[in-house]
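J.: What follows is a predicted structure for the sequence shown.
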Amino acid sequence: MNSKNNYPLYVKWLDIVPWIMARTERFPKNLRYSLSQKIGNTCLEVLELIVQAIYSQNKREHLSRINLRLDVLRALFQMSFKMQRLSESQYEYISRELLESGKMVGGWLKSA
């Protein structure tokens, strides 16, 4: 079986998740157990779904779920930015990464 490191989306998420966790752990206490935790859990869910897609016969189901989770993350980061928990440059960075991840999922879906 192919190494997970041969999957660009997997490699990307291994870089994105620590960046996201480092940002959300700085959220104030009143958001740490709601918004911050939801973002962290959703990111880990995306990573888990990527691994499942790599090993699954039915990749489409997992990839569709990844797309849904990416949309949820987009909304959560937009809300974080509006609540001034992310700087403009941080919001632009994560928006680009989520968009690129979505494109990678789309390409993977086409080939699946």
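T.: Good, I have the coordinates. Numbering: from 1, shown residues only.

J.: mind listing the helices for this structure?
T.: Assigned by DSSP state H, the helices in the chain fall at 8-24, 29-31, 37-55, 59-82, 88-111.

J.: if I look at the spatially most central residue of the chain, how far off is Gly106?
T.: In the chain, the residue lying closest to the centroid (CA atoms, centre = their mean) is Cys43, at 4.5 Å. Applying CB to CB, to the nearest Å, the value for Cys43 to Gly106 is 19 Å. C-beta here means a position set from N, CA and C on the backbone, and glycine is covered the same way.

J.: now swap in Ser3 and tell me
T.: 23 Å.

J.: Considering helices and strands only, name the one in this structure with the lowest mean pLDDT.
T.: helix 29-31 (a mean of 92; mean pLDDT, DSSP states H and E).

J.: What does the pLDDT read for Met1?
T.: Here the pLDDT value assigned to Met1 is 49.

J.: again, but for Met104
T.: pLDDT at Met104 comes out at 97.
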